[in-house]
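Novice: From the sequence below, what's the structure:
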Amino acid sequence: MGLGNGALFLAVFLACAVEAVEATTIVLAAGTARGWRSAMIGMAGALVVLAIIVAALGPAVSDVPLRGLRLVVGALLLIFGLQWLRKAILRASGYKALHDEDKIFAQQMATAAAQSRRRIGMVPDWYGFTLSFKGVLLEGLEVVFIVLTFGANQHDVGLAAIAAGCAVLVVAAAGVAVRSPLSRVPENTLKFVVGIMLTAFGVFWGAEGAGAHWPGSDAALLVLVPAVGAFALLLVALMRGSRQTSSAVAAHEGG
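Specialist: Reported below is the predicted structural model:
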C-alpha cells in the first residue's frame with residue numbers, strides 16, 4: 001500500500017469512526033429505551049438506503065474530471081475540516097464544553113422513553129424505528145460523502161469504502177460489547193485529528209485542483225499534516241493561556 005493509499009485509508013477510517021460513534025449512540029438509546037427489534041429494523045433500513053445512494057452516485061462522481069473534482073473536494077474538505085478543528089480547539093482550550101456521550105445518551109433515552117408506542121406493519125414500535133433510522137441515515141450520509149469524495153479523488157472508492165466499513169464495524173462491535181454510550185472513546189481527540197487531516201487534505205487537493213504542483217507529490221502531506229497540527233496545537237496553547245490569564249485577572253479584581 002503506497003503512501004497515498006495509506007493516508008487515504010487512515011483519513012477515511014478516522015473520519016467515519018467519529019460519525020459511527022454518534023450513530024451507534026443513537027441506536028443504543030433507541031434499542032435500550034424502545035426495544036431492539038425496532039431499532040435494528042430502523043438501522044437496517046437506513047443501511048439499505050445508504051447502499052443504494054453509494055451504488056448510484058459512486059460511478060457518477062468517479063466520472064467527474066479529476067482537476068475539477070479536486071478543486072471542489074478540496075474546498076468542501078476545508079469547510080468540514082475547519083469546522084471540526086475549530087470546535088476541537090475550543091474544547092481543548094476550555095472555551096467550549098467537551099462532547100459528553102453519556103449526557104447525550106441520557107437525553108435521548110429520556111426523550112425516547114416518554115413517547116407513546118405505536119405498531120406499524122412488522123415494526124413493533126414506530127418511534128424506535130424512526131429514531132434509529134434517521135440517526136443512522138443522517139450520520140451515514142456524512143460517511144457516504146467522505147467515502148465518495150476521498151475515494152473518487154484518489155480513484156479508489158473501493159479502498160475508501162473498506163476503510164469506512166472497518167471504522168463502522170470497530171465502533172459497532174465496541175457498542176455491542178458494552179451496550180452503553182461510547183464514552184471511553186476520546187471523541188474530541190478524534191475530531192481534533194480528523195479536523196487536522198481534513199484541513200490538510202483540503203489544502204492539498206484544492207491547490208492541485210487550482211493547478212499547483214506540490215514538491216514530492218503525495219509526500220508533501222507528510223509536511224502539510226504536521227504543519228496544520230502544530231498550528232492547531234499552538235492555537236490551543238495560546239487560547240488556554242489567554243483564558244487562564246482572564247480568569248486570574250477576574251479573580252483578582254473580584255477579591
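Novice: and stretch 156-176, which residues are buried?
Specialist: The neighbour-count check on stretch 156-176 (16 or more other C-beta atoms under 10 Å) flags 156-157, 159-164, 167-168, 171-172, 174-175 as buried. Heads up, the C-betas are built off the backbone N, CA and C, glycines and all.
Novice: what do you get for stretch 11-20?
Specialist: Buried-residue list, stretch 11-20, by 16+ other C-beta under 10 Å: Ala11, Val12, Phe13, Leu14, Ala15, Cys16, Ala17, Val18, Glu19, Ala20.
Novice: okay if I get these as JSON lines plus pLDDT?
Specialist: Below are those laid out as JSON lines (pLDDT from 0 to 100):
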{"residue": "Ala11", "pLDDT": "82"}
{"residue": "Val12", "pLDDT": "87"}
{"residue": "Phe13", "pLDDT": "90"}
{"residue": "Leu14", "pLDDT": "85"}
{"residue": "Ala15", "pLDDT": "83"}
{"residue": "Cys16", "pLDDT": "87"}
{"residue": "Ala17", "pLDDT": "87"}
{"residue": "Val18", "pLDDT": "80"}
{"residue": "Glu19", "pLDDT": "82"}
{"residue": "Ala20", "pLDDT": "86"}
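Novice: Looking at those residues, which are in strands?
Specialist: Among the buried residues of stretch 11-20, no member falls in strands (DSSP state E).
Novice: What is the nearest of these to Arg91?
Specialist: Nearest to Arg91 among these is Val18, at 13.4 Å by C-beta to C-beta.
Novice: Is it correct that the closest one is in contact with Phe192?
Specialist: No. Taking contact to mean C-beta atoms under 8 Å, the distance of 10.4 Å between Val18 and Phe192 leaves them out of contact.
Novice: about what we covered before: as JSON lines, the buried residues of stretch 11-20 with distance to Leu138 would be great.
Specialist: JSON lines is the format used below for the buried residues of stretch 11-20 (distance: C-beta to C-beta, whole Å):
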{"residue": "Ala11", "distance to Leu138": "21"}
{"residue": "Val12", "distance to Leu138": "19"}
{"residue": "Phe13", "distance to Leu138": "20"}
{"residue": "Leu14", "distance to Leu138": "19"}
{"residue": "Ala15", "distance to Leu138": "15"}
{"residue": "Cys16", "distance to Leu138": "14"}
{"residue": "Ala17", "distance to Leu138": "16"}
{"residue": "Val18", "distance to Leu138": "13"}
{"residue": "Glu19", "distance to Leu138": "9"}
{"residue": "Ala20", "distance to Leu138": "13"}
